[in-house]
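**Student:** Prediction below, plus the sequence it came from.
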Amino acid sequence: TTKTPVELKDLPEAVKTTLQSEPVKAWTPVAAFLVTNADKTKFYQIDVKKEAETASIKIGEDGKVIQ
């Protein structure tokens, strides 16, 4: 598995749209990474914060949140 930093402004439109929709938009993105698994599947890991809380959200290239 590789994890490559991505500028927030360079995220695909589908991922940006997801970040601006409920319930994700309550969180502020602080960093993003493109994660490539050994089987070549890819997703974006977005590190987010809301006040003192931090979390990370996984979003597929198609903009769907991965649980």
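**Tutor:** Now that the structure is in, tell me what you want to look at. No experiment lies behind these values; they were computed from the predicted model shown.
**Student:** Tell me, how many residues neighbour the closest residue to Ile66 other than its chain neighbours?
**Tutor:** Leaving aside its sequence neighbours, Ile66 sits nearest to Lys58 (Cβ to Cβ, 6 or more residues apart in numbering; 4.0 Å). Backbone N, C-alpha and C define where each C-beta goes, glycine included. By other Cβ atoms under 10 Å, the residues close to Lys58 number 14.
**Student:** Count the neighbours of Ala32 for me.
**Tutor:** Around Ala32 there are 23 other residues, counting by other Cβ under 10 Å.
**Student:** so where do the helices sit in this structure?
**Tutor:** Secondary structure of the chain (DSSP state H): helices at 13-19.
**Student:** related to what we said a few turns ago, list the contacts of the residue nearest to Ile66.
**Tutor:** Lys58 makes contact with 35, 43-46, 65-66, according to Cβ atoms under 8 Å, 6 or more residues apart in numbering.
**Student:** of these, buried ones?
**Tutor:** 43-46, 65 (16 or more other Cβ atoms under 10 Å).
**Student:** For the closest residue to Leu19 other than its chain neighbours, give its distance to Lys40.
**Tutor:** Sequence neighbours aside, Pro29 is the residue nearest to Leu19 in space, at 5.8 Å (criterion: Cβ to Cβ, 6+ apart). Distance, Pro29 to Lys40, by Cβ to Cβ, to the nearest Å: 25 Å.
**Student:** Those two: which has the busier surroundings?
**Tutor:** Neighbour count, other Cβ under 10 Å: between Pro29 and Lys40, Pro29 has more, with 18 against 6.
**Student:** residues in contact with that one?
**Tutor:** Pro29 makes contact with 8, 19, 46-48, according to Cβ under 8 Å, 6+ apart.
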